[in-house]
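In: how does the following fold in three dimensions:
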Amino acid sequence: MEFSIGSVAANSIDFHYVELGAGPLVLCLHGFPDNAYTYRYLLPVLADAGFRGVAPFMRGYSPTGKPADDRFESILLGQDVVALIGALGAKEAFVVGHDWGGFATLASAVLAPERVRKIVTLGVAHPAAMGTDYDTLKGSWHAYFFQMPFAESAVAANDYDFIVRWWRDASPQYDPPPELIDSVKATFRLPGVLTSALNYYRHTFHPANRDPALNASREKIATTPIPVPALAFHGTRDRPGRMPAFERMDSHFAASLEKVAIPGAGHFIHLERPNEVNTKIVEFLKK
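Out: The predicted model follows:
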C-alpha cells in the first residue's frame, strides 16, 4: 500500500502527515530520533482492519512547522494531539504513541478524555513512575546531555552517527534496515529539526526552560490517573531503569491497563516485533 500525504493546521502549527485507510481515526505519534514513517508497518495493518491511520510529523520535525513561540514541552505535544483530532475531521480518536509520542498520548488522555477513546503506548512508562535511581539516570543520560549547548554539533557529527549508535543502544538486538536509518537521517538534516528535537528535552526536563503558563496543565497531567483504557508495550532489552518503571506504573491508570512486555525487544519495539505488536493493537482497538 502507498501512503497518502496530507497537511492540516492544528494548534497554530502546520502539521504534515502520512495516512492510510478509512474508518475510525487512529492517530500515531513518533518519538526521538525518528519520523512519521516509523509506522510503516502499523498503518497498513490498521487500514486492513478498517481504521484510518494518520501519522503526523511531530512539531518541529519538518515538513511539519515549528510553533511561533518555539516551545516543545511535552504538555504541548498533548495539546497538539487534541487539536489534530478535530483538525482531521474527527470527534474522537484512538491514539498510539512511541517515545515522546507516548508521552503526548498519555497527556492527551488527561487533557481531553472525551476525545480520546483508547490509548496505546510503545516503549514508555508513565512519567510519574520513573525514578531517580542510578539505573534510571543511566538509561536517560541523553536527556541531560542534550541540555548542553554543544549537543547539536555532537549529534550531527559524522553524518549523524549519533543516531545510529543511539538506535543500537536502545534496541541492542535489532539491526534496522539501512533505508529506515536513511529516512531518519534525512529528516534530521533538514533545517531546524535537530534543535527542535533537542528542545523537547531542554524544555521538558530543565525547570528553568518550562513555561509558567503551563503550570496548571503540568500538574494536572502529572497527578491525574489515565482515565481511558490503555494498552502499553515495553521491551525487556530497552535501556536501564525502563522496565522497573513500566512494571510499577499501574496505579497511574484509572481505567483498564493491559501491559505487554516482549522479551528481547528494545526501545523500537513496534519495528522489531511488528507482527506481534500490530496484531495486539488491532485486537485492543476493536474490543
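In: I figured residue 76 hits residue 66, correct?
Out: No - taking Cβ atoms under 8 Å as the definition, residue 76 is not a contact partner of residue 66, at 11.6 Å. Placement of C-beta: from N, CA and C, glycine included.
In: ok, those two, which is more surrounded?
Out: Neighbour comparison, residue 76 and residue 66: the larger count goes to residue 76, with 23 against 19 (by other Cβ atoms under 10 Å).
In: give the contact list for the more buried one.
Out: Neighbouring residues of residue 76 by Cβ atoms under 8 Å, 6 or more residues apart in numbering: 11, 59, 67, 214.
In: got a list of what the last one touches?
Out: Residue 214 makes contact with 73, 75-76, according to Cβ under 8 Å, 6+ apart.
In: for residue 112, state which of the residues you listed is nearest.
Out: Residue 112 has its nearest neighbour among the contacts of residue 214 in residue 75, at 12.7 Å by Cβ to Cβ.
In: Three-state assignment for that closest one, please.
Out: Three-state assignment for residue 75 (DSSP: H, G, I helix; E, B strand; the rest coil): helix.
In: residues near it, how many?
Out: Neighbours of residue 75 using other Cβ under 10 Å come to 25.
In: and residue 96, by the same measure?
Out: Around residue 96 there are 29 residues (other Cβ under 10 Å).
In: tell me the contacts of it?
Out: Residue 96 makes contacts with 26-29, 39, 42, 105, 119-122, 281, as judged by Cβ under 8 Å, 6+ apart.
In: do that again at 7 Å, thanks
Out: By Cβ atoms under 7 Å, 6 or more residues apart in numbering, the contact list for residue 96 reads 26, 28-29, 105, 120, 281.
In: farthest pair within these?
Out: 29 and 281 (13.5 Å).
In: looking at the two, which is more packed in?
Out: Higher neighbour count among residue 29 and residue 281: residue 29, with 30 against 26, using other Cβ under 10 Å.
In: host element of the residue positioned nearest the centre of the chain?
Out: The chain has residue 101 as the residue nearest its centroid, 1.6 Å off, counting by Cα atoms, centre = their mean. Per DSSP states H and E, residue 101 falls inside helix 100-111.
In: same thing with residue 184?
Out: helix 178-189.
In: what does that helix contact?
Out: By Cβ under 7 Å, 6+ apart, helix 178-189 touches 33-35, 37, 61-62, 159-160, 163-164, 193-194.
In: how far does that helix sit from its chain's centre?
Out: Centroid separation for helix 178-189 versus its chain: 17 Å, with Cα atoms, centre = their mean, to the nearest Å.
In: where does this protein dip in pLDDT?
Out: Scanning the chain for pLDDT under 70 picks out 1.
In: buried residues of the helix ranked longest in it, list them for me.
Out: Ranked by number of residues, the top helix in the chain under DSSP state H is helix 151-170. Within helix 151-170, the residues scored as buried using 16 or more other Cβ atoms under 10 Å are 151, 155-156, 160, 162-164, 166-167, 170.
In: who touches that helix?
Out: 33, 145, 176, 181, 184-185, 188, 194-195, 198, 238-239, 266-268.
In: most neighbours, which of those residues?
Out: Among the contacts of helix 151-170, residue 267 has the most neighbours (other Cβ under 10 Å), with 27 neighbours.
In: who's in contact with that residue?
Out: Neighbour list for residue 267: 123, 170-171, 235, 238-239 [criterion: Cβ under 7 Å, 6+ apart].
In: again with residue 104
Out: 29, 74, 77-78, 80-81, 97.
In: just the C-alpha atoms of stretch 137-147, please, in CSV.
Out: Taking C-alpha atoms only, stretch 137-147 is exported to CSV below (Å, rounded to 0.1, in the frame of the first residue of the first chain):
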residue,chain,number,x,y,z
LEU,A,137,19.6,8.1,35.3
LYS,A,138,21.9,5.9,33.3
GLY,A,139,19.2,5.0,30.9
SER,A,140,18.2,8.7,30.5
TRP,A,141,21.7,10.1,30.1
HIS,A,142,20.8,11.7,26.7
ALA,A,143,18.1,13.9,28.3
TYR,A,144,20.7,15.6,30.4
PHE,A,145,23.4,15.6,27.7
PHE,A,146,21.0,17.4,25.3
GLN,A,147,20.9,20.4,27.8
